[in-house]
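Trainee: A structural model of the following input is requested.
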Amino acid sequence: MSLVWKVQAVVQTVNILLLEQTVDKGIHVYTHGEMLPAHAYPELKKYPQLKGNFGTAWQNQQKEFDHIPGAVLFTTNCLMPVKESYADRVFTTEVVSYPEMVHIGEDKDFTPVIEKALALGGYAADVEMTGINGGTELMTGFGHGEVLGMADKVVDAVKSGAISHFFLVGGYDGARTGRNYYTEFVKQTPEDSIILTLACGKYRFNDLDLGTIGGLPRIMDMGQCNDAYGAIKVAAALADAFGCGINELPLSMVLSWYEQKAVCILLTLLHLGIKNIYLGPTLPAFLSDNVLGHLVDNYNISPISTPELDLKKILG
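Mentor: Numbers count the residues shown, from 1 in each chain. Just a heads-up that it's a prediction; the model follows:
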């Protein structure tokens, strides 16, 4: 039997309570969306009913949850209008709610969710679902602590020429045409480059098999949108190891824009003096011609064009 656990941001207390309440219930718990990194958290991995990740990015939920034989729990705001085919099995908690959906309050008693999952019974037979590119396996757990734990290996690979460049490709995904740019960009990156990624934009390419470099996977998922801090920590540590500034590293940031929270991350990067950011697929509305001109002149920020042209510009 299965329960789909839909979480877009880490609310650690909810995570633990839900898992505690599903012990020995015959229920399988799956993450969805940005809760993928949960599978690398030691305290959550202790629960054998946490089985895997269901589906891809938030904007695909109406298709992926269509007639799903399990319960779906939302804890944050990436909730699309609920289709009739699964409206009776959606629950909310924390700061998110939806008309006519059962809301789990401060007591965090997930009994209604559990009872619905048991009543629906899960899939009658094993069902295999793939990522956007047909992949069946995802790797996560490359938070800044883990990456910095491999710092010597990474630095040696750069010095030996085994790693030529790092690309931070990620950010906020959406359904609008043009976001396949990020898939094509990653596919075309050199075989001796590393792709760091975070946030829901990673679902555009995180199921691709790009191989390894010296035992290091070429795609390293650093976590959720709020883990941008971790990516900055890694960049700062690499700069320190090479005795240079972040902007002098063989590191390029190619970011996907979608919503308001991304403003905070972008402003943080600019405040830290990080330059040469590629931003797309469309520019934020607050970037007037004057503001964009200032960012181009002072931070060399660039709207994305095509993967081919942008890679040529980045790599020279």
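Trainee: elements contacting the longest helix seen in the chain?
Mentor: Counting residues, the longest helix found in the chain (DSSP state H) is helix 228-242. Secondary-structure packing of helix 228-242 (3 or more CB pairs under 8 Å, 6 or more residues apart in numbering; DSSP states H and E): helix 144-149, helix 151-160, strand 165-171, helix 261-271. (Each C-beta comes from the backbone N, C-alpha and C, glycine too.)
Trainee: Now the second one: average pLDDT?
Mentor: So the one you mean is helix 151-160. Confidence for helix 151-160, expressed as mean pLDDT, is 90.
Trainee: With the longest one instead?
Mentor: For helix 261-271, the mean pLDDT works out to 82.
Trainee: check contacts around the residue nearest the centre of the chain.
Mentor: Nearest to the geometric centre of the chain sits residue 199, at 2.9 Å (CA atoms, centre = their mean). Applying CB atoms under 8 Å, 6 or more residues apart in numbering to residue 199 gives the contacts 34, 170-173, 224-225, 227-228, 256.
Trainee: quick one: residue 79 and residue 96 touch, right?
Mentor: Yes - counting by CB atoms under 8 Å, residue 79 does reach residue 96; the two are 5.8 Å apart.
Trainee: count of neighbours near the nearest residue to residue 128 once chain neighbours are set aside?
Mentor: Among residues not flanking residue 128 along the chain, residue 136 sits closest, at 6.6 Å (CB to CB, 6 or more residues apart in numbering). Residue 136 has 10 neighbours, counted by other CB atoms under 10 Å.
Trainee: before we move on, what about residue 69?
Mentor: Other residues within reach of residue 69, judged by other CB under 10 Å, total 17.
Trainee: tell me the SS of residue 29?
Mentor: strand (DSSP: H, G, I helix; E, B strand; the rest coil).
Trainee: my guess is it contacts residue 53, does it?
Mentor: No - taking CB under 8 Å as the definition, residue 29 is not a contact partner of residue 53, at 10.7 Å.
Trainee: can you pull the contacts of the nearest residue to residue 237 once chain neighbours are set aside?
Mentor: Distance criterion CB to CB, 6+ apart; nearest residue to residue 237, sequence neighbours excluded, is residue 148 at 5.4 Å. When the contact criterion is CB under 8 Å, 6+ apart, the partners of residue 148 are 233-234, 237.
Trainee: Rebuild those residues as JSON lines, extending it with neighbour count and distance to residue 290.
Mentor: Listed next are those as JSON lines, based on neighbours: other CB atoms under 10 Å; distance: CB to CB, whole Å:
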{"residue": "233", "neighbour count": "17", "distance to residue 290": "33"}
{"residue": "234", "neighbour count": "24", "distance to residue 290": "33"}
{"residue": "237", "neighbour count": "16", "distance to residue 290": "36"}
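Trainee: quick one: which of the residues you listed is nearest residue 213?
Mentor: Nearest to residue 213 among these is residue 234, at 16.0 Å by CB to CB.
Trainee: The closest one touches residue 220, doesn't it?
Mentor: No - with contact defined as CB under 8 Å, residue 234 does not reach residue 220; the gap is 9.1 Å.
Trainee: sorry, back to before: deepest-packed of the helices and strands packed on helix 228-242, please.
Mentor: Burial among those, expressed as mean neighbours by mean count of other CB atoms under 10 Å, is greatest for strand 165-171, which shows a mean of 24.
Trainee: For it, what is the distance to the chain centroid?
Mentor: Chain-centre distance of strand 165-171: 12 Å, with CA atoms, centre = their mean, to the nearest Å.
Trainee: What's the mean pLDDT across it?
Mentor: 94.
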